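> predicted structure and sequence below. I'll ask about it afterward.
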Amino acid sequence: MRSLGFAVAAIWVGLAPAQVQNFKPVTTRMLENPSPDDWLMYSRTYDAQRFSPLQQIHRENVSQLRMAWTRGLGAGTVETVPIVHNGVIYVAGPGAVVEALDGTNGELLWQYKRPVPANLATTARTKTLAIYQDIILYTAPDSYVVGLDARTGERRWETKADDRGHTSGVIVVEGKAISGGTCANGLRANCYIAAHDALTGKEVWKFYTTQGADDPNPDTWGGAPVEKRTASTWGLPGTFDLTRKILYWGVANPTPNTRLARHGGNIEAISRTAPSDLYSNSTLALDPETGKLRWYYQHLPGDDWDEDYTHERTLFRTKFNPNPK
């Protein structure tokens, strides 16, 4: 996070000062196997390794690095990982702002300012942007998922995501903009991972991150009111296994933060071993096409300490020969 020194008014600018020239649409294949010159998603690749294959900077010359340019952002909180495509940096800044910058000199190519009240704009801290075809995907602080023209910054579509808090961000998987967020107002209704068509904004599926009446697993919330069950996905988005076609997503702690508060003063209402208050403090394995749960693993059941197991899941492959016993 960084506090930077000048204010940004929360108004929408329809006319960009410039635009991205010679733009090349980003395909699914490019996301699956990105050019070394690009950084097309927050971890660069779906497995979240965050490794750049570029070799211009190495041990022998790293000490020679010098500042090339700087560009100030508005006053407020910055938590976003920028993305880069064909020499253009796309970044979300304080004040509900998305900007496209020339990577060689920091020149502003376009800016989008979300038309939200100033007090709401100051809460904007989406952690990721995403790109697909010619659209930049942005989760705005007024609970909208927004598609912006990557060339000009003009709004192409927007879709309301109930009252979900947008402190997380977007990852694009097979043409779907998939996003998480904060469970606003203490309600399960605002507590989910969602997929939207990246080109139109149409909602494709939702997966609620706490158990409801239609959940296939037995109830693990000890009789807590269904509408009050919350476990957030406030952190970084998930990761995607290209081989198995599985989307992995981390879920934070159940809220309220203590067993007493969650269960009407009865500390023994839930189990202290998994499963307990599903799907809090868990890794979810979801079908990206349908949003259906394939499996889950609960890391910390019966949380009393606001531990959180959100953020990305780093994937790797290795051979192993387990003992069946």
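Okay, I see it.
> contact partners for the residue nearest in space to the middle of the chain?
With distances taken as Cα atoms, centre = their mean, the chain has Gly169 as the residue nearest its mean C-alpha position (2.6 Å). Residues near Gly169 by Cβ atoms under 8 Å, 6 or more residues apart in numbering: Tyr42, Thr80, Thr126, Lys127, Thr128, Leu129, Ala130, Thr139, Ser179, Gly180, Leu236, Pro237. All C-beta atoms are positioned from the backbone trio N, CA, C, and that covers glycine.
> just the residues you listed now: which is nearest Ala194?
Ser179 (5.9 Å; Cβ to Cβ).
> which element follows the helix or strand of the chain with the lowest mean pLDDT toward the C-terminus?
Of all regular secondary-structure elements in the chain, judged by mean pLDDT, DSSP states H and E, the least confident is helix 118-121 with a mean of 89. Past helix 118-121, further along toward the C-terminus, the next helix or strand under DSSP states H and E is strand 130-132.
> quick one: strands adjacent to that next one?
Strand 130-132 has the following strand partners under DSSP bridges: strand 135-139 (antiparallel).
> CA atoms only for the partner strand - export them in PDB, please.
Once non-C-alpha atoms are left out, strand 135-139 reads as follows in PDB (Å, rounded to 0.1, in the frame of the first residue of the first chain):
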ATOM      1  CA  ILE A 135     -11.600  -5.300 -22.800                       C
ATOM      2  CA  ILE A 136     -10.100  -4.400 -19.400                       C
ATOM      3  CA  LEU A 137     -12.000  -6.000 -16.600                       C
ATOM      4  CA  TYR A 138     -12.400  -3.900 -13.400                       C
ATOM      5  CA  THR A 139     -14.300  -4.500 -10.100                       C
END
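> pretty sure Met314 is touching Gln49, no?
To be clear, residue 314 is Thr; Met isn't right here. Yes - the pair Thr314 / Gln49 is scored as a contact, 6.9 Å apart, by Cβ atoms under 8 Å.
> which residue of this structure lies farthest from its centroid?
Across the chain, with Cα atoms, centre = their mean, the residue at the greatest distance from the centre is Lys325 (39.0 Å).
> need the contact list for that one.
Taking Cβ under 8 Å, 6+ apart as the test, Lys325 contacts no residue whatsoever.
> is Tyr112 in contact with Val97, as I believe?
Yes - Tyr112 sits in contact with Val97 when judged by Cβ under 8 Å, with a separation of 6.9 Å.
> quick one on the thing from earlier: list the residues that contact the closest residue to the residue nearest to the centre of the chain other than its chain neighbours.
Closest residue in space to Gly169, ignoring its immediate chain neighbours: Thr128 at 3.0 Å, by Cβ to Cβ, 6 or more residues apart in numbering. Taking Cβ under 8 Å, 6+ apart as the criterion, Thr128 is in contact with Met41, Tyr42, Thr80, Val81, Ile83, Ser168, Gly169, Val170, Ile171, Leu236, Pro237.
> that's all I had, so thanks and see you.
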